[in-house]
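**Q** Sequence first, predicted coordinates after that:
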Amino acid sequence: MESITIRKLNEEDWKEYSSLRLSALQSPDSSAFGGSFEIESLRTEDEWKKRLIGKHRFYYGAFACNTLVSFAGVYFNQKNNQWIIVGVFTNPDFRRSGFSKSIIGEILKVLHARGVVKVILTVQVEQLPAIALYKSLGFIEIDKIINENQIVMERSTEI
């Protein structure tokens, strides 16, 4: 059985994170990730490291046999006073194995411990597997962003 680890990503993870992120941006689902391969492939090592950690931002990853196979991030939008889950991605070879569910569960625990009451995310309407995942985790649809073809979902951080 494979060794699975879920943990907070740090600066030392930048190479694996950048590689997996860039593969996400080249996937058929790339429009769901809010970036472009052409721009992000030009990021420097320092830019990747800064993306992973910050005062109001962090990422968690799932490692199978010490290889990053899935990640999700969360950041605090100061303008709207909201924590937002972003960039949920799993290597296609490891999908439907519970990695994203475990990572999001860990993020919810961390936010709850920090006193955060609720968290939101957006998902494209055609991303049916992602919507099903988020609903299975207790997220509910609260709004639609019609011009961006997205659904806004929310849930309590209480586990």
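**A** Great, that's in hand. Residues are numbered from 1 along each chain as shown.
**Q** Show me the residue at the heart of the protein, geometrically.
**A** Central residue of the chain (C-alpha atoms, centre = their mean): residue 72, 2.3 Å from the mean position.
**Q** That one looks like it's in a helix, true?
**A** No. Going by DSSP: H, G, I helix; E, B strand; the rest coil, the assignment for residue 72 is strand, not a helix.
**Q** tell me which residues of stretch 142-159 are tucked away?
**A** 150, 151, 152, 153, 154, 155, 157 (16 or more other C-beta atoms under 10 Å). Every C-beta, even on glycine, is put in place using the N, C-alpha and C of the backbone.
**Q** burial count for residue 8?
**A** 14 (other C-beta atoms under 10 Å).
**Q** check contacts around it.
**A** 58, 59, 60, 110 (C-beta atoms under 8 Å, 6 or more residues apart in numbering).
**Q** mind checking the SS state of the third one?
**A** This means residue 60. Assignment for residue 60 (three-state DSSP): strand.
**Q** what's across from it in the sheet?
**A** Listed by DSSP bridges, the beta-bridge partners for residue 60 are residue 8, residue 72.
**Q** all strands of the chain, in order?
**A** Shown for the chain, the strands assigned by DSSP state E span residues 4-8, 53-54, 57-64, 67-77, 82-90, 118-124, 140-145, 150-156.
**Q** Now residue 143: closest residue in space that isn't a chain neighbour?
**A** residue 152 (4.0 Å; C-beta to C-beta, 6 or more residues apart in numbering).
**Q** Kindly provide the distance from residue 116 to residue 83.
**A** 5 Å (C-beta to C-beta, to the nearest Å).
**Q** Low-confidence stretches in this protein?
**A** 1-2, 28-34 (pLDDT under 70).
**Q** Confirm for me that residue 40 is in contact with residue 25.
**A** Yes. The pair residue 40 / residue 25 is scored as a contact, 6.0 Å apart, by C-beta atoms under 8 Å.
**Q** Quick check on those two: which one has the bigger neighbour count.
**A** Neighbours were counted for residue 40 and for residue 25 using other C-beta under 10 Å; residue 25 has more, 21 against 17.
**Q** residues in contact with stretch 142-154?
**A** So stretch 142-154 is contacted by 118-126, 131, 134-135, 139-141 (C-beta under 8 Å, 6+ apart).
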